[in-house]
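Asker: Here you go, sequence then predicted model.
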Amino acid sequence: MTIRHIKKINGPYKLMVLVFSLLGIIFSVWELIARPFAHSYNKGLAYFSMNTWLESHDLLEFLLVGYASFYLVILAIIAVQFVFRYATLCKPSMTRRFGGCSVIIWMTYIMFSGAVYGGSLYYLCSPDEFSDHYMRRIIYDYYNLSITHIPRFMIVPYANDNSVRWPNLHFLLIGVMILGLQYFIIIFCGVRLNTILKQQLRQLSTENRKLQKQIFKALVVQTIVPILLFVLPIAPFLVGPLLDIEMNFPAGWMYVILCLYPPIDTITYMLIVSEYKRTVLVMLRPVLPKGIKLSTEISTSTAIVLAR
């Protein structure tokens, strides 16, 4: 729909919308192949694959790392969109840095964010004798699986004598830092955008004012949805081992919640931005009863703002 029917959205913002949608599609397909699962037990967390039809252990480990990386990639592209909207309203000249060859810069940023998270998972949470021994009985009792035969990553930040297992702890700290960076960008730009919009809306045309409100509202929703579906569900499992809290339960339901993210985000975005609603109505025109009139005109100012 964005490529073929949304004609008034152009430039870097259209590319961001397309990249964001593509990430959602890849995220869903990736989950079907990787079949990620997790089990939290006291001070340990096992992150493993339930895929039974791929024989390559290394490939499944790569898929597990890639799935975890999407967590940060999606948040990073949201942060980039906030920066772009901030630049559009505050420093229009900066928007040039988001288009053309400069696309490589922000694309590199979102990929780098995911790579740091996924890379730290791979290098700092690889299973060892202690972590396998700690989770072996739990994995067998709950899933009837031998822990040494499944692709896995283990997070056990404390040994039996309560000494720190630094690689696992470093992963948790890196995850918190890079996650915090994305939300710092989002919150900073969001607060500034809200202040600027209140000051400048009176100077804009009615159509422009409506559009700016829609774009800002869409960005806010795109931030809240990952918090509800990504951060809140997964936080107890990441913080639990760090605090050495007594717990023992499967976390497979968490991935069901994560899978809800792509469709929910897409639908809410289409409902908020009127350009999509108009396009949907036009596409439905042939099947709608006669006599229903559809308004599909969008002002030139709308196209100019979205093309920045």
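Answerer: Here it is on my side, so go on.
Asker: For Leu23, which residues are in contact?
Answerer: Taking C-beta atoms under 8 Å, 6 or more residues apart in numbering, we find Leu23 in contact with 70, 73-74, 77. (Glycine included, C-beta is placed from N, CA and C.)
Asker: Strands of the stretch 151-300 of the chain, start to end?
Answerer: 152-155, 248-250 (DSSP state E, counting those that start in this stretch).
Asker: same check, this time on the stretch 1-150 of the chain
Answerer: 36-41, 44-49.
Asker: picking that back up, compare the contacts of Leu23 and tell me which is most surrounded.
Answerer: Counting neighbours by other C-beta atoms under 10 Å, Ile74 leads the contacts of Leu23 with 25 neighbours.
Asker: For Met177, see how far away that one is.
Answerer: 17 Å (C-beta to C-beta, to the nearest Å).
Asker: quick one, helices of the stretch 201-308 of the chain?
Answerer: In the stretch 201-308 of the chain, helices defined by DSSP state H, counting those that start in this stretch lie at 206-226, 232-243, 252-259, 261-272, 274-284, 300-307, listed in chain order.
Asker: With mean pLDDT, mean neighbour count and distance to Thr95 added, can I get the strands of the stretch 151-300 of the chain in JSON lines?
Answerer: Formatted as JSON lines, the strands of the stretch 151-300 of the chain follow (pLDDT from 0 to 100; neighbours: other C-beta atoms under 10 Å; distance: least, C-beta to C-beta, whole Å):
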{"stretch": "strand 152-155", "mean pLDDT": "94", "mean neighbour count": "24", "distance to Thr95": "40"}
{"stretch": "strand 248-250", "mean pLDDT": "76", "mean neighbour count": "13", "distance to Thr95": "47"}
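Asker: Which among the strands of the stretch 1-150 of the chain is found nearest to His170?
Answerer: Of all the strands of the stretch 1-150 of the chain, strand 44-49 sits nearest to His170, with 15.0 Å by C-beta to C-beta.
Asker: Point out where this structure drops to low pLDDT.
Answerer: Across the chain, the ranges flagged by pLDDT under 70 are 8-9, 198-212, 230-231, 233-242, 244-245, 251-255, 287-308.
Asker: Apply 50 and report the result again.
Answerer: 295-308 (pLDDT under 50).
Asker: In contact with the most centrally placed residue in it, which residues?
Answerer: For the chain, Ile74 is the residue whose C-alpha lies nearest the centre (C-alpha atoms, centre = their mean; 2.8 Å). By C-beta under 8 Å, 6+ apart, the residues touching Ile74 are 20, 23-24, 27, 226, 230, 261.
Asker: repeat for Arg96
Answerer: Ser102.
Asker: Reformat the strands of the stretch 1-150 of the chain as a markdown table; add mean neighbour count.
Answerer: Below are the strands of the stretch 1-150 of the chain laid out as a markdown table (neighbours: other C-beta atoms under 10 Å):
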| stretch | mean neighbour count |
| --- | --- |
| strand 36-41 | 21 |
| strand 44-49 | 24 |
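Asker: and Arg85, which of these is closest to it?
Answerer: Among the strands of the stretch 1-150 of the chain, the nearest to Arg85 by C-beta to C-beta is strand 36-41 (32.4 Å).
Asker: now for the closest one, which elements pack on it?
Answerer: When contacts are defined as 3 or more C-beta pairs under 8 Å, 6 or more residues apart in numbering; DSSP states H and E, strand 36-41 packs onto strand 44-49, helix 57-90, helix 129-143, helix 232-243, strand 248-250, helix 252-259.
Asker: which of those sits most buried?
Answerer: Burial of the helices and strands packed on strand 36-41 is given as mean neighbour count (mean count of other C-beta atoms under 10 Å); strand 44-49 ranks first at a mean of 24.
Asker: What strands line up against that one, and which way round?
Answerer: strand 36-41 (antiparallel), strand 152-155 (antiparallel) (DSSP bridges).
Asker: Perfect, that will be all.
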